[in-house]
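Trainee: predicted model, plus sequence, below.
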Amino acid sequence: MLGLGLHRHAPSWAISATATLLIFGPALLVTGLVKQDRLMVFGATVGIWSIGIFFGLPIYFPGERQQAVVTGMSLVGFDENWEALARKMADRLPPEPEVAEPELPEAILAPSVASPGPLALAPHQIALPYEGEGRRLTVELAIEHNRHIVEIDMMLDTGATYTTLPLPLLKRLGVTPSPDDPQITLQTANGSRDAQLILLDRLWLGDLAIDGVVVATCDSCASQDTSGLLGLNVTGGYNLNIDADRREVVFSTRQTYNRQLDIKPFIDIRATVSKFQGGRVEVETEVANVGPRGIHEGQLSIHCKDQKWMVPFTRLEPGDTQTNAARLPSHDPCDQYQVGLHEAAW
């Protein structure tokens, strides 16, 4: 009776009073009608009446007898062993008659979904587990610089051009930004932010190392759960597949990995366009490596309206400058030519 009262969310005083009155009230009434052997009559009446109520419970409270017995007996117990004994006793109760529907329907057991096995990865693939949902997926990776390695959680943001890190984390890597570092303006959820670009030694996606990764300083891009954004300068070298069944992001190496985003802030480009009578156009380009890391090779692009040409350059060590001249093919005259970095590799 106490268990049923708790299941019906009744006040404790009402539960105790009702249970006491319902169990002992009829026995006291019968005992008052006899003049002798009252104790025996009282005990017999309580026993018979209690058994009758017990077997009548399924009619008035269908589907709740077993749980009510466990709850009620647990109230007078003192340890977990007593509760375990109550459960064993309740399990041995006879089945309830199907007289009526329970007051509260029982929740349906959720079907178990078999976990998919490990994904078979090709040599050019790496799978990282992710956390979160929707556009807020986070992956774990590691940043290395000057022999310092820090493992961090980053938000996968395909809309961010550069990977971002807060200043306190850069200090853990032994990095102190200086006024000479390249600067850009970031468009964040909290508005525009001026950021400095730092060239770090290495970023690790699992056991896959990416050398020479640029990060933008951004304290507001970090959160309680993540250290920053994983931008296109890293993810742009891979085809990404989100495996929702295994909760993994699969990074598949692309045929080419253009490191233009990482290298562009650390080169200076100058160009001179010479036009001659008859339509001949020559372009002289000068590329200077102002960063701390050698550039293996690259190509400059020359734009004129909807036309584009490429001028390659070879290895550039830090501090080196390389000059190249090229004659442009015949084309419609242009008032203005634009020269920029098309692709490059460390």
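Mentor: Sure thing, it's come through.
Trainee: wait, doesn't residue 316 sit right on residue 291?
Mentor: No. Between residue 316 and residue 291 there is no contact under Cβ atoms under 8 Å: 9.4 Å. All C-beta atoms are positioned from the backbone trio N, CA, C, and that covers glycine.
Trainee: so what sits against both of these two?
Mentor: Both residue 316 and residue 291 are in contact with residue 267, where contact means Cβ atoms under 8 Å, 6 or more residues apart in numbering.
Trainee: list the contacts of residue 145.
Mentor: Counted by Cβ under 8 Å, 6+ apart, residue 145 has contacts 173-175, 200-202.
Trainee: now do residue 240
Mentor: Neighbours of residue 240 in contact, by Cβ under 8 Å, 6+ apart: 156, 158, 249-252.
Trainee: now swap in residue 49 and tell me
Mentor: Residue 49 makes contact with 23, 26-27, according to Cβ under 8 Å, 6+ apart.
Trainee: tell me which element residue 211 falls in.
Mentor: Residue 211 is part of strand 208-217 when elements are defined by DSSP states H and E.
Trainee: pull the distance from that strand to the chain's centre.
Mentor: Relative to the centre of its chain, strand 208-217 is centred 21 Å away, using Cα atoms, centre = their mean, to the nearest Å.
Trainee: how about stretch 118-126?
Mentor: 21 Å.
Trainee: what residues sit buried inside that stretch?
Mentor: Using 16 or more other Cβ atoms under 10 Å as the test for burial, stretch 118-126 gives 125-126.
Trainee: could the contacts of residue 240 be laid out in JSON lines, adding neighbour count, secondary structure and distance to residue 53?
Mentor: Output for those, formatted as JSON lines (neighbours: other Cβ atoms under 10 Å; DSSP: H, G, I helix; E, B strand; the rest coil; distance: Cβ to Cβ, whole Å):
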{"residue": "156", "neighbour count": "22", "secondary structure": "strand", "distance to residue 53": "62"}
{"residue": "158", "neighbour count": "12", "secondary structure": "coil", "distance to residue 53": "67"}
{"residue": "249", "neighbour count": "22", "secondary structure": "strand", "distance to residue 53": "61"}
{"residue": "250", "neighbour count": "18", "secondary structure": "strand", "distance to residue 53": "63"}
{"residue": "251", "neighbour count": "23", "secondary structure": "strand", "distance to residue 53": "67"}
{"residue": "252", "neighbour count": "14", "secondary structure": "strand", "distance to residue 53": "69"}
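Trainee: closest one of the residues you listed to residue 271?
Mentor: Using Cβ to Cβ, residue 158 comes nearest to residue 271 of the contacts of residue 240, at 32.1 Å.
Trainee: isn't that closest one up against residue 234?
Mentor: No. Contact criterion Cβ under 8 Å: residue 158 and residue 234 do not qualify, at 10.6 Å.
Trainee: picking that back up, pull out the buried residues from the contacts of residue 145.
Mentor: Looks like the contacts of residue 145 have 173, 175, 200-201 buried, using 16+ other Cβ under 10 Å.
Trainee: in the residues you listed, find the pair that's most separated.
Mentor: Spanning the widest gap among these are 175 and 201, at 10.1 Å by Cβ to Cβ.
Trainee: what's the overlap in contacts for these two?
Mentor: By Cβ under 8 Å, 6+ apart, the residues touching both residue 175 and residue 201 are 145-146.
Trainee: what residues are up against the nearest residue to residue 315 once chain neighbours are set aside?
Mentor: Leaving aside its sequence neighbours, residue 315 sits nearest to residue 296 (Cβ to Cβ, 6 or more residues apart in numbering; 5.8 Å). Applying Cβ under 8 Å, 6+ apart to residue 296 gives the contacts 315, 344-346.
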